[in-house]
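*Asks:* Requesting a structural model of the entry that follows:
(chains A and B)
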Amino acid sequence: DAKTTQPPSMDCAEGRAANLPCNHSTISGNEYVYWYRQIHSQGPQYIIHGLKNNETNEMASLIITEDRKSSTLILPHATLRDTAVYYCIVRVFNYQLIWGAGTKLIIKP
Amino acid sequence: ETGVTQTPRHLVMGMTNKKSLKCEQHLGHNAMYWYKQSAKKPLELMFVYSLEERVENNSVPSRFSPECPNSSHLFLHLHTLQPEDSALYLCASSQQTGDEKLFFGSGTQLSVL
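*Replies:* The predicted model follows:
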C-alpha cells in the first residue's frame, strides 16, 4: 500500500503558485520523498525528490516539514501545461516506488 | 521526449492472440522496467531488468513474458490474455536499479477483447 495521502483533486489559477500537499506520517528516517507527475496520455515524469532539506530545481520546489511527516510540492507559476496527476511517493533508496492515486491538478485560465 | 520509446501506442487483441510490446531507450541506462496502469488503480511494477538480467518479478502471471536482449531494448510478450489485462503498459529506464529518477515512455494502451 502507498504510504502517502494526497487530496484527490485541486484547482489552481494560471500564473499562480500551485501548492500540492502530501502526508506521510509513517515515514522512516531513511525514506526519501519523491514527486512525479503524469500528463494525460503520457508516462510519469520525475519532478523532484528530497530527504529532509528543502529542494528546488527548474521545475518545482519541495518543502518538507521538520518532523518529515508531510511535504508540499510548489509549482511557482502554474501554466495550463502543468495540468496533470501529481504523485507523492516515499521510498527507501534501492527499493521500488509504491505509487498511490495522486492528486489531479487542474490549472484554469 | 524522454528518450524512452514504446511501440505500438495502441493495441487491440483477442484472448487467443500473441503480441509483443517493444520498448527502446537511448539514454545509456542499465536498468529497465515494465509497469502496468489499470484504470483507477495505481501503477504496478511488473518486471525489473538490470544489465539484461531480470532482478525482480512481482508475481506476474505467466501469460506475460518479458525479454531483454540488450540494455537498450525490452519486450513484453503477451499470449492468452484476459479482458482484465486491458491497461496502459509503461516502460521505464534508469541509470541503475534503485536510481531515484525513472524515465518513462508514453506507454502502450492495450485492449483485450
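
*Asks:* which of the residues in stretch B:101-113 are buried?
*Replies:* B:101, B:102, B:103, B:104, B:105, B:106, B:107, B:108, B:109, B:110, B:112 (16 or more other C-beta atoms under 10 Å in any protein chain shown). Backbone N, C-alpha and C define where each C-beta goes, glycine included.

*Asks:* er, stretch A:41-61 I mean
*Replies:* If you call a residue buried by 16+ other C-beta under 10 Å, then stretch A:41-61 has these buried ones: A:43, A:44, A:45, A:46, A:47, A:48, A:49, A:50, A:55, A:60, A:61.

*Asks:* Remind me what the lowest-mean-pLDDT helix or strand in chain B packs against, helices and strands.
*Replies:* When the helices and strands of chain B are scored by mean pLDDT, DSSP states H and E, strand B:53-57 comes last with a mean of 80. Applying 3 or more C-beta pairs under 8 Å, 6 or more residues apart in numbering or on different chains; DSSP states H and E, one finds that strand B:53-57 contacts strand B:44-50, strand B:64-70.

*Asks:* Reformat the buried residues of stretch A:41-61 as a markdown table; add distance to chain B and pLDDT.
*Replies:* Below are the buried residues of stretch A:41-61 laid out as a markdown table (distance: C-beta to the nearest C-beta, whole Å; pLDDT from 0 to 100):
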| residue | distance to chain B | pLDDT |
| --- | --- | --- |
| A:43 | 3 | 94 |
| A:44 | 5 | 96 |
| A:45 | 7 | 96 |
| A:46 | 5 | 95 |
| A:47 | 10 | 97 |
| A:48 | 10 | 96 |
| A:49 | 5 | 93 |
| A:50 | 10 | 93 |
| A:55 | 11 | 96 |
| A:60 | 14 | 97 |
| A:61 | 17 | 98 |
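
*Asks:* Which single one of the buried residues of stretch B:101-113 is nearest to residue B:10?
*Replies:* Nearest to residue B:10 out of those is residue B:109 (C-beta to C-beta; 4.9 Å).

*Asks:* Please save the CA atoms from the lowest-mean-pLDDT helix or strand in chain A in PDB.
*Replies:* Counting by mean pLDDT, DSSP H and E, the weakest-scoring helix or strand in chain A turns out to be strand A:84-92, with a mean of 91. Taking C-alpha atoms only, strand A:84-92 is exported to PDB below (Å, rounded to 0.1, in the frame of the first residue of the first chain):
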ATOM      1  CA  ALA A  84      -1.600  16.500 -14.600                       C
ATOM      2  CA  VAL A  85      -1.900  13.900 -11.900                       C
ATOM      3  CA  TYR A  86       0.900  14.500  -9.300                       C
ATOM      4  CA  TYR A  87       2.200  11.600  -7.300                       C
ATOM      5  CA  CYS A  88       3.900  11.800  -3.900                       C
ATOM      6  CA  ILE A  89       5.900   8.700  -3.100                       C
ATOM      7  CA  VAL A  90       8.100   7.700  -0.200                       C
ATOM      8  CA  ARG A  91      10.900   5.200  -0.800                       C
ATOM      9  CA  VAL A  92      13.900   3.700   0.800                       C
END
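
*Asks:* For the chain, give me the ranges with low pLDDT.
*Replies:* By default, I'm working from chain A. Along chain A, the model assigns pLDDT under 70 to residues A:1-2, A:93-95.

*Asks:* The intended chain is chain B.
*Replies:* Counting by pLDDT under 70, chain B has low-confidence residues at B:1-2.

*Asks:* and the residue sitting nearest the centre point of chain B, what are its bridge partners?
*Replies:* The centre of chain B sits closest to residue B:34, judged by C-alpha atoms, centre = their mean, with a distance of 3.1 Å. Counting by DSSP bridges, residue B:34 forms beta bridges with residue B:47, residue B:91.

*Asks:* Great, nothing more from me.
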